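Trainee: quick one, fold the following:
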Amino acid sequence: MRQSSLPRSLLLVASAVALLATGCSKSGSKIAESNRAGIFHYGNGTEIQDLDPQVVTGVPEHKVIMSLVEGLVMENPQDLSPEPGVAESWDISEDGRLYTFHLRPNARWSNGDPVTADDFLGSYKRMLTQALAAEYANMIYDYVDKADDYYFGRITDFSEVGLKVVDPLTFQIRLKSPTPYFLKILASHPSWWPVPVKVVAKFGGMDRKGTAWTRPENYVGNGPFRLREWRPNQILIVEKNPDYWDAGRVKLNEVHFYPVESQDTEERMFRTGQLHRSNEVPLSKIDVYKRANPELIKIEPYLGSYFYRCNVTRPPLDDVRVRRALALAIDRESLVKNVTRGGQSPAYNFTPLGFPDYQPKPRLEGTVEEAKKLLAAAGFPNGTGLPPIDLLYNTSENHRVVAEALQQMWRINLGVDVRLVNQEWKVYLDSQDTLNFSLSRSGWIADYVDPHTFLEIFVTKGGNNDTGWSNAEYDALREKALRAKTDEDRYAIYERMEQILIDELPIIPIYHYTRVYLLDPSVQGYHPTVLDNHPFKYVWLETEEGEP
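Mentor: Presented below is the predicted three-dimensional model:
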């Protein structure tokens, strides 16, 4: 009976190969015309939540904002190492705590105003305003001296915080402790990028999210591009910013971001010459592209983890035995081999492989038989008496396929009924933030190249925790890691934090990402990076030889 699926799958592959072979010629297409015009067409996966760098938390938002806003330092396009941004240079004190940044006199906002040290001071004060409820406020108060005291109301005088304007072009940051990866955070994380304080204040956004300052007619940035048009669920267009301090290096004239949630639609847009880059590849097409057009598909290392959040405040997932039973009943090896097919690694812990000096040893271990015993001990032998568990995922064929695979594993192995619930990106993010779910599809991509960016998430009431889970030892270890004097000491602490996550399982690790996407060969200056960050100021489009 099973054999009938093989000829059908071969037929589908053959048909897809033929389709790809006839659809990959871009000469005379929209792409060829756009190459001549310097317009980069970019599949961004979904409609973004906002364009406020101090409010957003998602990867789609980050891709757009990194074209519009620039921090004190920026990322090198090849290895993401910190390099000068708004600050043309900086000094670090001998004790590693005081950073003095010297700003460029020719740095400008897109409305022509100069970028000054006061802009950074005002931006960081905004992040430390509790009323704003920035989910990444801890990115500031974890590191800056006395910033947590100000944020939590233990002090009220902001001048006591380790942020200081020396003069209009000199800005100082004093840290609580030496932090070797601090410049990496400044370069890669939007919470450290400035906002135009006067403009934000004009629209009442200094202590409120979602105000009109981020609309195209009001938006002011200081990056290599400026916002020209934003039609939600259709297109977002940025154009070269003539007021950018390094405008002469920017080769692209425009970047068009497309919020296409359907991987099949996006792949078709790429194949017919409407996109230079896709956000993803339909799982069913990965092997096809490998065979027929390997020059178009990119499968690259990516510091990210794919996992499910458990709402530990809601039965039955308030019982760790149920959570562990679900975790042990997943055949991760089969999932990455037969379903995701993009070189992903099965995840038996949270922090992904790929950090040069940190290879976590704690590991989720156990069998399906153990999972069955755990479920029975929780009062649900063979799933009897267990009500259906809702699994939330954001709109995506790929997420749906993965969810269906796990749904089947849990039904076969445990007798558990899991119902799939789909929501579009903005609603899905709100559901996670408000714990309006039981299980939720989640992914976490490193904010910077250090394991701390993963393990800091699940502190009690952390802005991105979104599980309801709390563990006093875990919280104390995070604080200890921030004060650790050496990386060796930090990594030992992280090992213990990993073990606590595996013991209590507020999350269920599934696999560690690779980055799988389609890229037109005309795109140049686009280097593989472990965060999939590609500064647009360094990207250009190559035209075909002989074109007019």
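
Trainee: flag the shaky bits of the stretch 351-500 of the chain, pLDDT-wise.
Mentor: Within the stretch 351-500 of the chain, no range satisfies pLDDT under 70.

Trainee: what's the answer for the chain, then?
Mentor: 1-28, 545-548.

Trainee: which ones are touching the residue minimising distance to the centre of it?
Mentor: The C-alpha lying nearest the average C-alpha coordinate of the chain belongs to residue 59 (Cα atoms, centre = their mean; 3.6 Å). Residue 59 makes contact with 45, 445, 532, according to Cβ atoms under 8 Å, 6 or more residues apart in numbering. For the C-beta atoms, the positions are set from N, CA and C on the backbone; glycine is no exception.

Trainee: buried ones among those residues?
Mentor: 45, 445, 532 (16 or more other Cβ atoms under 10 Å).

Trainee: I'd like to know how far the second one sits from residue 227.
Mentor: Right, residue 445. Counting by Cβ to Cβ, to the nearest Å, the separation of residue 445 from residue 227 is 24 Å.

Trainee: and what of the last one?
Mentor: Relative to residue 227, residue 532 is positioned 22 Å away (criterion: Cβ to Cβ).

Trainee: the first one now?
Mentor: Residue 45 is 19 Å from residue 227, where distance means Cβ to Cβ.

Trainee: and the contacts of whichever strand or helix holds residue 402?
Mentor: Using DSSP states H and E, residue 402 falls within helix 397-414. Helix 397-414 is contacted by residues 262-264, 280, 282-283, 306, 325-326, 329-331, 335, 339-340, 368, 371-372, 375, 382-383, 391, 393, 416-418, 420, 422, 441, 510 when judged by Cβ under 8 Å, 6+ apart.

Trainee: how long is stretch 75-90 end to end?
Mentor: 15 Å (Cα to Cα, to the nearest Å).

Trainee: buried residues in that stretch, which are they?
Mentor: 75, 77, 80, 82, 85, 86, 87, 88, 90.

Trainee: got it, and stretch 293-302?
Mentor: Those would be 293, 296, 297, 298, 299, 300, 301, 302, for stretch 293-302 by 16+ other Cβ under 10 Å.

Trainee: can you put these in CSV and add distance to residue 527 and secondary structure?
Mentor: What follows is these, written out as CSV (distance: Cβ to Cβ, whole Å; DSSP: H, G, I helix; E, B strand; the rest coil):
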residue, distance to residue 527, secondary structure
293, 21, coil
296, 17, coil
297, 16, strand
298, 11, strand
299, 15, strand
300, 10, strand
301, 12, strand
302, 14, strand
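
Trainee: what backbone torsions are found at the residue nearest to the centre of the chain?
Mentor: Main-chain torsions, residue 59, degrees, to the nearest 10: phi -70, psi -40.

Trainee: now residue 98
Mentor: Residue 98 adopts backbone torsions of phi -110, psi 120, taken as degrees, to the nearest 10.

Trainee: what does residue 308 give?
Mentor: Torsion angles, degrees, to the nearest 10, at residue 308: phi -110, psi 130.

Trainee: tell me the contacts of it?
Mentor: Shown in contact with residue 308 (Cβ under 8 Å, 6+ apart): 391, 439, 440, 441, 442, 507, 508, 510.

Trainee: pick out whichever of these sits closest to residue 460.
Mentor: Lowest distance from residue 460 to these (Cβ to Cβ) belongs to residue 507, with 14.9 Å.

Trainee: which residue sits closest to residue 143, ignoring its sequence neighbours?
Mentor: residue 175 (5.4 Å; Cβ to Cβ, 6 or more residues apart in numbering).

Trainee: report the contact partners of that neighbour.
Mentor: Listed by Cβ under 8 Å, 6+ apart, the contact partners of residue 175 are 96, 97, 98, 99, 143, 144, 145, 162, 182.

Trainee: how about the helices in the stretch 51-200 of the chain?
Mentor: When assigned using DSSP state H, counting those that start in this stretch, the helices of the stretch 51-200 of the chain occupy the ranges 59-68, 117-127, 138-141, 147-151, 182-188, 197-202.

Trainee: what distance separates the fourth one from the centre of its chain?
Mentor: On the basis of Cα atoms, centre = their mean, to the nearest Å, the separation between the geometric centre of helix 147-151 and that of its chain is 26 Å.

Trainee: can you start the count at 702 instead of 1 from here on
Mentor: I'll keep to 702 as the first residue from here, and by that count the last item is helix 848-852.

Trainee: name the residues that touch that helix?
Mentor: 825, 829, 831, 838, 841-843, 855-857, 859, 861-864.

Trainee: for PyMOL, write the selection for the buried entries among the residues you listed.
Mentor: Selection of buried members from the contacts of helix 848-852 for PyMOL, criterion 16+ other Cβ under 10 Å:
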select buried, resi 825+829+838+841+842+843+862+863+864
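
Trainee: contact partners for residue 767?
Mentor: Contacts of residue 767 by Cβ under 8 Å, 6+ apart are 891, 924, 1234, 1236, 1237.

Trainee: please redo it, this time with the cut-off set to 10 Å
Mentor: Residues in contact with residue 767 (Cβ atoms under 10 Å, 6 or more residues apart in numbering) are 754, 775-776, 889, 891, 894, 924-926, 1234-1238.

Trainee: next one: residue 953
Mentor: By Cβ under 10 Å, 6+ apart, residue 953 lies in contact with 738-741, 768, 925-926, 939-941, 1226, 1237-1242.

Trainee: out of those, which are buried?
Mentor: The neighbour-count test (16+ other Cβ under 10 Å) applied to the contacts of residue 953 identifies 739-741, 768, 925-926, 939-941, 1226, 1237-1242 as buried.

Trainee: farthest-apart pair in the residues you listed, please.
Mentor: Maximum distance among the buried ones among the contacts of residue 953 (Cβ to Cβ): 18.4 Å, for 940 and 1226.

Trainee: any idea how far residue 1107 is from the closest residue to residue 1126 other than its chain neighbours?
Mentor: With Cβ to Cβ, 6+ apart as the criterion, residue 1126 has its nearest non-adjacent residue at 4.2 Å, and that residue is residue 747. Using Cβ to Cβ, one gets 22 Å for the distance from residue 747 to residue 1107.

Trainee: okay, the two: which has more neighbours?
Mentor: Between residue 747 and residue 1107, counting by other Cβ atoms under 10 Å, residue 1107 is the more crowded of the two (24 against 21).

Trainee: how close does the more buried one sit to residue 1025?
Mentor: Distance from residue 1107 to residue 1025, by Cβ to Cβ: 15 Å.

Trainee: what sits against residue 1081?
Mentor: Counting by Cβ under 10 Å, 6+ apart, residue 1081 makes contact with 1017, 1020, 1022, 1023, 1026, 1073, 1075, 1087, 1088, 1115, 1116, 1117.

Trainee: swap in residue 1056?
Mentor: By Cβ under 10 Å, 6+ apart, the contact set of residue 1056 is 1004, 1147, 1150, 1151, 1152, 1155, 1192, 1195, 1231.

Trainee: about what we covered before: between the contacts of residue 767, which is closest to residue 914?
Mentor: Scanning the contacts of residue 767 for proximity to residue 914, where the rule is Cβ to Cβ, the winner is residue 754, at 11.7 Å.

Trainee: nearest spatial neighbour of that closest one, skipping sequence neighbours?
Mentor: Residue 754's closest residue in space is residue 891 (Cβ to Cβ, 6+ apart), at 3.6 Å.

Trainee: thought that neighbour was touching residue 766?
Mentor: Yes: assessed by Cβ atoms under 10 Å, residue 891 is found in contact with residue 766 at 5.5 Å.

Trainee: between these two, which contacts overlap?
Mentor: Joint contacts of residue 891 and residue 766 (Cβ under 10 Å, 6+ apart) are 753, 754, 757.

Trainee: Serialize the helices of the stretch 752-901 of the chain to CSV and add fields for distance to residue 868.
Mentor: Conversion of those to CSV gives the following (distance: least, Cβ to Cβ, whole Å):
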stretch, distance to residue 868
helix 760-769, 27
helix 818-828, 7
helix 839-842, 22
helix 848-852, 22
helix 883-889, 20
helix 898-903, 17
